[in-house]
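Q: Provided below for reference: sequence and predicted model.
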Amino acid sequence: MSGAPSDITGSWLHSFEEDTGTTAVYRPSDHPFRPARKPRRGLEFRPDGTFVELRPGPDDRLREVEGRWERHGADRVDVTFPEGRGTPFGITIVSRTEDTLTIEK
């Protein structure tokens, strides 16, 4: 991506069926997904900088892990977990449209 940062706030679920070898595709959480055998991971970017990751637990039910997100330029987001609930990581945004968020794997 180049230019001004796109707004990534909102709740996104992994549309793994649309992934490519190098990118992961997320759709808004209210997207009409087809049923899937595995749980869909999720990312939520709140305007106040709160980040929520939906991860499958030991019984495959999704559990929320809360952290913080911070923008670094037009295409980079860093996620931290101040409570020690996860390993910090970065997200590189490839594109953002009304109904898709595409990130690098």
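A: In hand now; what should we look at? Since this is a predicted model, take the numbers as computed values, not measurements.

Q: which parts of stretch 45-60 are buried?
A: Within stretch 45-60, the residues that count as buried by 16 or more other CB atoms under 10 Å are F45, F51, E53, L54. C-beta: built from backbone N, CA, C; applies to glycine.

Q: For the residues you listed, please prepare a markdown table with the additional fields pLDDT, distance to F81 and secondary structure.
A: Below are the buried residues of stretch 45-60 laid out as a markdown table (pLDDT from 0 to 100; distance: CB to CB, whole Å; DSSP: H, G, I helix; E, B strand; the rest coil):
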| residue | pLDDT | distance to F81 | secondary structure |
| --- | --- | --- | --- |
| F45 | 98 | 15 | strand |
| F51 | 97 | 8 | strand |
| E53 | 96 | 9 | strand |
| L54 | 96 | 14 | strand |
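
Q: which one of those sits closest to V65?
A: Taking CB to CB as the measure, V65 lies nearest E53 of the buried residues of stretch 45-60, at 4.8 Å.

Q: any idea how far P47 lies from R55?
A: Noted for P47: a distance of 22 Å to R55, by CB to CB, to the nearest Å.
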